[in-house]
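Asks: Could you look at this predicted model? Sequence included:
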Amino acid sequence: MLIKHFVVFLSVLNFSCTGVAHLQTQETPTANLAEKECITMPFHYVLADNWEKSSNVREIEVFMDDKAFSLENLKMLFAYLSDRFPEPKHLNVRIKTDWSQLNLPSDCPGSGSGGSNIAKVESFDYHRADYYRRGDDVYFYYTTQLKTEKMEKVVLSGSHQPRQRWESE
């Protein structure tokens, strides 16, 4: 547990390229990442978690500055992460804009799953986005307003049109 705390701490401090930090877990293939070209984004972000959930699914959690949260920046970041992690076939990326939304390992109140921030996050006070790559089906949801569960859907490719509970309205 102490090692995971230390790795998260170092990932936040160890900025590469233009200030972009990458936390790589043991399941992340580091050799392929080193060969990739370093892309400069017009905003900063931090990969807070990155792991292969199974042989078919990779999960990535990203912290992004709330001021940089826009449809254009989300598209740019999702395209980059999808290109950077072409395998496994399914990719889920969760964008968070407040530290309290992240599951950072801590027993302190108000920081991650061990804290008292759960009610705060559930109140939809912060922007968020969820990206899904399912083979040829690529789409994401993102907030356009706060204080609501509702998110807008953007289909980037494919024919699968998933529906969320708020889309039945």
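Replies: Sure, I can see it.
Asks: N56 and H90 touch, don't they?
Replies: Yes. Between N56 and H90 a contact is recorded at 5.3 Å, counting by C-beta atoms under 8 Å. The C-beta positions use only the backbone N, C-alpha and C, and glycine is treated the same way.
Asks: Show me the shaky parts of the protein.
Replies: Low-confidence segments of the chain (pLDDT under 70): 1-37, 103-123, 160-169.
Asks: Which residues does the lengthiest helix in it contact?
Replies: Determined from DSSP state H, the single longest helix within the chain is helix 71-84. Helix 71-84 has contacts (C-beta atoms under 8 Å, 6 or more residues apart in numbering) with 33, 36, 39, 41-43, 45, 60, 62, 64, 91, 93, 95, 129, 131, 133, 138, 140, 142, 154, 156.
Asks: The helix or strand following that helix pairs with which strands, and in what direction?
Replies: Downstream of helix 71-84, the next assigned helix or strand under DSSP states H and E is strand 90-96. Paired strands of strand 90-96, with direction, are strand 57-64 (parallel), strand 128-134 (antiparallel) (DSSP bridges).
Asks: Can I get these in a markdown table including mean neighbour count and distance to M76?
Replies: Formatted as a markdown table, the strands paired with strand 90-96 follow (neighbours: other C-beta atoms under 10 Å; distance: least, C-beta to C-beta, whole Å):
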| stretch | mean neighbour count | distance to M76 |
| --- | --- | --- |
| strand 57-64 | 20 | 11 |
| strand 128-134 | 20 | 12 |
